[in-house]
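Sequence plus the predicted model coming up.
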Amino acid sequence: MFFVRTASDSDRVLIIRTTTPSAEAAATPPVQEGSFVCAFCVFRGLNLDLNHEIHERHETKKIIRTTTPSAEAAATPPGQEGSFKEQIQKPKTQDPRPKTQPQFTIHHSPFTIQEMQTVMTEDAAAAAEFIRGGGTAAFPTETVYGLGADAFDAAAVAKIFAAKGRPADNPLIVHCADVGQVSEVAAEINAHAAALMRAFFPGPLTIVLKKNARVPAIVSAGLDTVGVRVPRLRIAREFIRACGVPVAAPSANVSGRPSPTAWQAVFDDLAGRVDCILKGDVAEIGLESTVVDCSGDAPVVLRHGAVSLEMLRNVVAETREFFGDANEAPKSPGMRHKHYSPNARVVLFDARLVREFSGRAAFIGLHEPAFDFEIVEICPSLDLYAARLFAFFRECDRSGIEIIYCEPVEGTGIGTALMDRIRRATET
């Protein structure tokens, strides 16, 4: 997303792009002197002047681009990438409220963090050196970016909690380079777990198993179980393999904030708090992995993700959803504490509610709304809605949006995971 000031200071254009980074860079026209850009573009390496007074509204021309999947981009004729909607708004009076940068709260954590220099790299082996040296490194996966440390080094793992402001009772997921490395983390792999691993590893599935004694208590929040997964993204597995150990990693964001789907979002939250950020592409899935507890008699879904309940039951028919005590110690991230929340208030879209709100509002969903929201993103598929949700939350925060309306979807397939994230983001 970037803002461009045209010849007249009172004429501003807001463009929301949802292409992949490489395609976006190729499609971005040269920007003339005097242009404004947001932090997202600066972090992509554009040498442009950043001025946060761009949020002052005058005569505004709003161009809204629907999400275009990268797979379709190659098949799209030149000059016709995506579809557009154009609206002209009447001049607005200047907002009398003070213009401040988005604020977020770091959750209580028993760990402390010292300011450090964060190294940016595209070299998986270089990033792995920080893990081998007892440090932290953020890295891409197909779900969201993770913040990793040596899973067997309690002191290194403590740096994750400090950097994120993460509550100590929230367990971490251990990422492995391959299925063979899972045995270094798990005490045993039962038949149900083995069947699910054969079907979905590598991929966006985490399996909770009884933990090996080598895994320190800080990783599992004191439980005798630990979540393990093998990412599908090749660079993630290369990174973990270069680390030489399994890597404990939650999402690479300040605790409670929307999970990062691009390295720029990691930089926004954690620059100066982590040793290294391994830069990769935008996450394909955009929602955290499905978590299934296989430490008991039958698999239990603790967190929904891209691997749906229906897919799991096709492999192990006894798989069921979690309906336990909300106060018991969580075996998976995302079960207790507030998650996925932007600064803006998130609301499930209802036409009656929209009429009752008069502030700055945005909309994301599958169908074009009949209301004039300040920012609108229409996603052509459910998968892309899921992939864009967290990035859209962050874009709205950068634009000073006060309320985000999310179109509800049917709770099947990845729609179940999408609705779970939206509902948790609505919690106050």
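Alright, I've got the coordinates. Numbering: from 1, shown residues only.

where in the stretch 1-150 of the chain is pLDDT low?
Counting by pLDDT under 70, the stretch 1-150 of the chain contains low-confidence residues at 1-115.

Let's see that with 80 instead.
For the stretch 1-150 of the chain, applying pLDDT under 80 flags the ranges 1-116.

The stretch 301-428 of the chain too?
323-340, 351-359, 428.

cutoff 90 now
322-341, 350-359, 370-372, 411, 427-428 (pLDDT under 90).

Now do the strands in it.
Using DSSP state E, counting those that start in this stretch, the strands of the stretch 301-428 of the chain run over residues 320-321, 345-348, 361-365, 375-378, 403-406.

Just want the angle from the helix ranked longest in the chain to strand 361-365.
If you go by DSSP state H, the chain has its longest helix at helix 382-398. For helix 382-398 against strand 361-365, the angle by axes from the mean of the first three to the mean of the last three C-alpha atoms, to 10 degrees is 170 degrees.

can you list the domains in the chain?
Domain segmentation of the chain under automatic domain parsing yields 1-96, 119-321, 340-428.

Turn those into a markdown table, columns for mean neighbour count.
Where you see a C-beta, it was placed from the backbone N, CA and C, and this is true even at glycine. Output for those, formatted as a markdown table (neighbours: other C-beta atoms under 10 Å):
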| stretch | mean neighbour count |
| --- | --- |
| domain 1-96 | 14 |
| domain 119-321 | 21 |
| domain 340-428 | 18 |
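
Mind giving me the packing neighbours of the longest helix of the chain?
helix 39-43, helix 263-270, strand 361-365, strand 375-378, strand 403-406, helix 414-426 (3 or more C-beta pairs under 8 Å, 6 or more residues apart in numbering; DSSP states H and E).

Also compute the angle for it relative to helix 414-426, please.
For helix 382-398 against helix 414-426, the angle by the same axes, to 10 degrees is 20 degrees.

For the closest residue to K211 other than its chain neighbours, which residues are in contact?
Leaving out its chain neighbours, the residue that sits closest to K211 by C-beta to C-beta, 6 or more residues apart in numbering is V226, at 3.9 Å. Contact analysis of V226 by C-beta atoms under 8 Å, 6 or more residues apart in numbering lists P171, V174, V185, A186, V208, L209, K211, N212, V215, V219, S220.

ok, 6 Å please
Residues in contact with V226 (C-beta atoms under 6 Å, 6 or more residues apart in numbering) are V174, K211, V215, S220.

from the residues you listed, which ones fall inside strands?
Using DSSP state E, the subset of the contacts of V226 located in strands is V174.

Please identify which of the contacts of V226 is nearest to V409.
The closest of the contacts of V226 to V409 turns out to be V174 (C-beta to C-beta; 31.4 Å).

and the closest one, what are its bridge partners?
For V174, the beta-bridge partners under DSSP bridges are V228, A248.

my read: it touches A249, true?
No. Between V174 and A249 there is no contact under C-beta atoms under 6 Å: 7.7 Å.

Any idea which of the strands of the stretch 301-428 of the chain gets closest to R313?
The minimum distance between R313 and the strands of the stretch 301-428 of the chain falls on strand 320-321, with 8.8 Å, by C-beta to C-beta.

how close does the nearest residue to R214 once chain neighbours are set aside sit to V215?
Leaving aside its sequence neighbours, R214 sits nearest to F152 (C-beta to C-beta, 6+ apart; 5.4 Å). For F152, the distance to V215 equals 7 Å [C-beta to C-beta, to the nearest Å].

What does the pLDDT read for the residue nearest to R214?
You'll see F152 listed with a pLDDT of 98.

Quickly find the element holding it.
Counting by DSSP states H and E, no helix or strand carries F152.

so where do the helices sit in the stretch 151-300 of the chain?
Remark: helices assigned in the stretch 151-300 of the chain by DSSP state H, counting those that start in this stretch are 154-164, 179-182, 191-200, 217-220, 234-243, 263-270.

of these, which approaches F363 most closely?
Nearest to F363, of these and by C-beta to C-beta, is helix 263-270 at 20.9 Å.

the inter-axis angle of the closest one versus helix 382-398?
Here helix 263-270 runs at an angle of 40 degrees relative to helix 382-398 (the same axes, to 10 degrees).

Mind listing residues that contact helix 263-270?
Here helix 263-270 has contacts from F40, F43, A138, Y145, A163, A252, N253, V254, P260, I277, K279, R394, using C-beta under 6 Å, 6+ apart.

let's go with 8 Å and repeat that
39-40, 43-44, 118, 120, 138, 140, 145, 147, 163-164, 252-254, 257-258, 260, 277-280, 390-391, 394.

Could you tell me the average pLDDT over it, please?
Taken as a whole, helix 263-270 carries a mean pLDDT of 97.

Could you check the angle it makes with helix 154-164?
Comparing the axes of helix 263-270 and helix 154-164 via the same axes, to 10 degrees yields an angle of 90 degrees.

so how far is V409 from A283?
From A283 to V409 the distance is 19 Å (C-beta to C-beta).

Tell me the spacing between P140 and I285.
Taken as C-beta to C-beta, the span from P140 to I285 is 11 Å.

now do G203
Distance from G203 to I285, by C-beta to C-beta: 10 Å.

shared neighbours, these two?
Joint contacts of G203 and I285 (C-beta under 8 Å, 6+ apart) are E142, A306.

quick one: contacts for the nearest residue to V245 once chain neighbours are set aside?
Once flanking residues are discounted, V245 sits nearest to D150: 5.1 Å by C-beta to C-beta, 6+ apart. Shown in contact with D150 (C-beta under 8 Å, 6+ apart): I131, R132, G134, A156, V157, C243, V245, V247, A248.

any chance of those in TSV, plus distance to R345?
Listed next are those as TSV, based on distance: C-beta to C-beta, whole Å:
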residue	distance to R345
I131	38
R132	43
G134	40
A156	37
V157	34
C243	40
V245	41
V247	35
A248	33
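
Please identify which of the residues you listed is nearest to Y405.
Closest to Y405, out of all of the contacts of D150 and judged by C-beta to C-beta, is A248, at 36.1 Å.

Give me the distance between that closest one and T206.
Taken as C-beta to C-beta, the span from A248 to T206 is 12 Å.

which residues do the two both contact?
I173.

Can you list the low-confidence ranges for the stretch 151-300 of the chain?
166-170, 256.
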